[in-house]
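Peer 1: just to be clear, the model below is a prediction. Sequence and coordinates:
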Number of protein chains: 2
Amino acid sequence: MKATLMHAAGDVRIADVPDPVLVDPTDAIVRVTSACICGSDLWPYADMAPSESGAPMGHEAIGVVEEVGAGVETIKRGDLVIMPFAYSDGTCDFCHEGLHTACVHGGFFANGGLNGAQAEALRIPLADGTLYPLNVGADDALIPSLLTLSDVLGTGHHAAVVAGVKPGHKVAVVGDGAVGLCGVIAAKRLGAEQIIVMGRHQVRTDLARELGATDVVAERGEEAIQRVRELTGGTGVHGVLECVGTAASTETSVAIARPGGAVGRVGVPHYGTIPLAQPMFYKNVRIGGGPAPVRAYIDELLPDILDGKIQPGRVFDRTVGLDGVPDGYRAMAGRESIKVLVTP
Amino acid sequence: MKATLMHAAGDVRIADVPDPVLVDPTDAIVRVTSACICGSDLWPYADMAPSESGAPMGHEAIGVVEEVGAGVETIKRGDLVIMPFAYSDGTCDFCHEGLHTACVHGGFFANGGLNGAQAEALRIPLADGTLYPLNVGADDALIPSLLTLSDVLGTGHHAAVVAGVKPGHKVAVVGDGAVGLCGVIAAKRLGAEQIIVMGRHQVRTDLARELGATDVVAERGEEAIQRVRELTGGTGVHGVLECVGTAASTETSVAIARPGGAVGRVGVPHYGTIPLAQPMFYKNVRIGGGPAPVRAYIDELLPDILDGKIQPGRVFDRTVGLDGVPDGYRAMAGRESIKVLVTP
C-alpha cells in the first residue's frame, strides 16, 4: 500500500510499504478514508534529521474497519470510525478519569515505530478503547468536521477546558492555526463573551471572526500584551488558549492572563521552562495543558457537529489525494493553506 | 509604641515609633494581642540590604479594634478581629470572586510603606473589607489556631485547593515549615488518603504525622522523586503542595506529580522560570498558586477550628513578647523553632 514517509526536513515522500497486519488480538486494521496534515507535523518538516528509512506520518483519521483481532469485542468490520491521535485501552485509571493520553497501555500514532494515518491503511492497537464508531457514511458532508474530532477540535477544546473558560469570560486564543481556530470554536461553545484571537494572517483571523472571535490582535510581544490589556479594561483575560508552542507565545500567554486566570497550553512546547514564574505567582495565574484526551471529548463534541451548531471542518481549505501530501506539507509550511485534508 | 524593624539581614530591632493614626476614613487602628513571625520573613532576614530607617515587619495578627474612621460601617471599636496578611476592599470583582489578594484597592501589610503587625498596634486600611470579627475573647485557648487564619492555614489550604485535592487523593507536601504543616492539615481536611510530607527535620515531620501525614520522605532531588514514585505505585501524586519556594523544590514538585495532577505553589518564589515545561506538558500537569486569599477562606476554615476538628495552632512552638522578637527570628532561621507566636 501507499504511505507517507518523512525522510528529512522538507523531504516528504509517498512510498510503497507492506500492508498493515494484525499483531495483537486487540488490534484492528482501518482503511483510511480521510486523514489530514497537522500543524505539529510541521515541526519535523522544519527540523527533522535525515533518516534513510523515513518516519511514518499522520495521526488523524476517519476510516473503515477492515479487519479485527480475536480479542476485539465492540468494534466490528465495516464500522466507520474516528481514530484519535493517541491509542488507549479505555479501561485503566487514567482512561476512566478521562485522560486517555496518559493511558498506561497507550501511545501515539506515527510515533515510537507505530504506523501513521497519512496512508491507505493502518494498524490500530487496542481497537475497542481507541476507535469511536460513527453512524454516518464515509462520504457524508460532515466528514471534515467529524475528522477534527481526531485531534484539532478536541485539542482546542482541551485548551479551553484547562483555561477554565466559563460563560461570560474574556478569552484570548494565541495562534491562528487550525488548533487556534478550533480554540475559538471551543471558547465560544463554552460561553466566552469576548474572544481575542492573536495572529497576523488575515485569511485566518477573518475565519476566526466568522467562527466567533470578537477581536483580533496582530501585534506581538509587549505591544500585543498592551493591546489585550486595552481590550479588557486593563486586567487581561480570564483564560488563555496557548496554541503555538514557542517560548515567546508562552510568555505572552502568561502576561495577558488576568489575576486568578489560567493558561491552557496545547501547542507542542519547543521550550524548556515556563517564563514569568514570579508575575504568574503574584497574579495567582495557573498554567496547564498537554496532549488533549480527544477520545474523552468526542461524546461531548460530536452532537454539536451532528446538529450543525459548530463547523470545525471549516479549518480545511485544501483537499489532496495521497500523492498530493508532499505538496500539502509545502503549502501548510508556507502558510498558503490552514489545514490540508487527505483522501487516500 | 514599640514595633519591629528589620535593618539588614540578621538585624531585627524593637524600636519606639509613632503610634498609628487614622489616615483614610475607611481605616481602623488595631491593638495587636497576638502576632507571629512568618517563614517568608526569613527571606529578608537572610538577604536584606542594609536600611537605616528599617523595614516594618509582620503581617499576621489578631487584635482589638481601638478606633475606626468615619467611613467604617461594620467593624466596631472593641471587636476582636483577625487581620489577614493582605488588606482588601471586599467589594471589587476580584474580592467577589474570592481572590482578595488581587483586590484592585488592596495591598500587603509590612509592604510598600505600610506598617507591620509585629508591633503594639497598626493601621488597617479598608477595615470593613479586611478585618474578620471573632466571637471569642482575646485570651481564648483557641487563639493560636485562630491566628493561623491570618496566613499559614489559609495559605496551606490555598495550596491544597490549587492542587485540586479531593477525597481519596494521594498528595505530597513539599516543605515541613508551618505552611507545609498547615498544608498537611488542609489536605487531610479535604479528604486526601495518602499525605506524603517531604522534609528532613524530625521534630517537624513527627508533628506532620500527628497532623495527618501518612509518609515522610527525607531525601531530596532525584532520590526524593524515586521515593515518592515508590510510595505511589509508580505514578506520583494527584496533588503537590509546594510550600518552600526554591527552584529545586519546584522541580521536585513538578516531577512527582502524576499525569493529570496539579501543583499548588505557595512558597514565595525565589526563581524566575518554572522548570520541566516539557515533561509537565506531556503529563498534563497543571501548576498554579500564589498569595493565598486567606480572607476568603476564613468562612470555610473557622468552624473547623471552633469545633476542634483541626488544630493548626500546633505549629507554634514558642511564644515571646515584642522584646523577644529578634531572638524569635534567630530561632526560626536556625530551625530551633517552627513558628514563633508574639504577644505584644
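Peer 2: Okay, I see it. In this text, all values refer to a predicted model and were calculated from it rather than measured experimentally.

Peer 1: next, the buried residues of stretch A:233-245.
Peer 2: Of the residues in stretch A:233-245, A:235-245 count as buried by neighbour count, 16 or more other Cβ atoms under 10 Å in any protein chain shown. Heads up, the C-betas are built off the backbone N, CA and C, glycines and all.

Peer 1: what about these, which are in strands?
Peer 2: If you go by DSSP state E, the buried residues of stretch A:233-245 have A:237-242 in strands.

Peer 1: so which bits of chain A are right by chain B?
Peer 2: Where chain A comes near chain B, counting by Cβ under 8 Å from any Cβ of the partner chain, the residues are A:94, A:97, A:99, A:101-102, A:162, A:250, A:259-260, A:262, A:265, A:268-269, A:271-278, A:280-291, A:293.

Peer 1: give me the buried entries from those.
Peer 2: For the residues of chain A next to chain B, a neighbour count by 16+ other Cβ under 10 Å gives the buried set as A:94, A:99, A:101-102, A:162, A:250, A:259-260, A:262, A:265, A:268-269, A:271, A:273-277, A:280-281, A:283-291, A:293.

Peer 1: from those residues, which ones fall inside helices?
Peer 2: Members of those lying in helices (criterion: DSSP state H): A:94, A:162, A:250, A:277, A:280-281.

Peer 1: can you put those residues in JSON lines and add pLDDT and distance to residue A:112?
Peer 2: What follows is these, written out as JSON lines (pLDDT from 0 to 100; distance: Cβ to Cβ, whole Å):
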{"residue": "A:94", "pLDDT": "98", "distance to residue A:112": "18"}
{"residue": "A:162", "pLDDT": "98", "distance to residue A:112": "25"}
{"residue": "A:250", "pLDDT": "97", "distance to residue A:112": "26"}
{"residue": "A:277", "pLDDT": "96", "distance to residue A:112": "32"}
{"residue": "A:280", "pLDDT": "98", "distance to residue A:112": "33"}
{"residue": "A:281", "pLDDT": "98", "distance to residue A:112": "36"}
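
Peer 1: on that earlier part again, let's see which of the residues of chain A next to chain B end up in strands.
Peer 2: Filtering those for strands - DSSP E - leaves A:259-260, A:262, A:265, A:286-288.

Peer 1: check the residues you listed and tell me the two furthest apart.
Peer 2: A:259 and A:265 (18.9 Å; Cβ to Cβ).

Peer 1: the closest residue to residue A:247 other than its chain neighbours: what's it in contact with?
Peer 2: Counting by Cβ to Cβ, 6 or more residues apart in numbering or on different chains, residue A:247 lies nearest to residue A:271, which is 3.9 Å off, once chain neighbours are set aside. Residues counted as contacts of residue A:271 (Cβ atoms under 8 Å, 6 or more residues apart in numbering or on different chains) are A:245-247, A:250, B:277.

Peer 1: just how off-centre is stretch A:117-127 within its chain?
Peer 2: 18 Å (Cα atoms, centre = their mean, to the nearest Å).

Peer 1: need the contact list for residue A:278.
Peer 2: Listed by Cβ under 8 Å, 6+ apart, the contact partners of residue A:278 are B:269, B:272.

Peer 1: so what pLDDT did it get?
Peer 2: pLDDT for residue A:278: 97.

Peer 1: distance of it relative to residue A:254?
Peer 2: The span separating residue A:278 from residue A:254 equals 11 Å under the rule Cβ to Cβ, to the nearest Å.

Peer 1: look at residue A:141 and tell me its secondary structure.
Peer 2: Under the three-state scheme (DSSP: H, G, I helix; E, B strand; the rest coil), residue A:141 adopts coil.

Peer 1: neighbours of it, how many?
Peer 2: Residue A:141 has 9 neighbouring residues, counting by other Cβ atoms under 10 Å in any protein chain shown.

Peer 1: and the gap between it and residue A:305?
Peer 2: For residue A:141, the distance to residue A:305 - Cβ to Cβ - is 11 Å.

Peer 1: the helix or strand encompassing residue A:186 vs strand A:237-242, what angle?
Peer 2: Element membership of residue A:186 [criterion: DSSP states H and E] is helix A:178-189. Going by axes from the mean of the first three to the mean of the last three Cα atoms, to 10 degrees, helix A:178-189 is angled at 150 degrees with respect to strand A:237-242.

Peer 1: pick out the residue in the stretch 51-200 of chain A sitting closest to chain B.
Peer 2: residue A:102 (3.5 Å; Cβ to the nearest Cβ).
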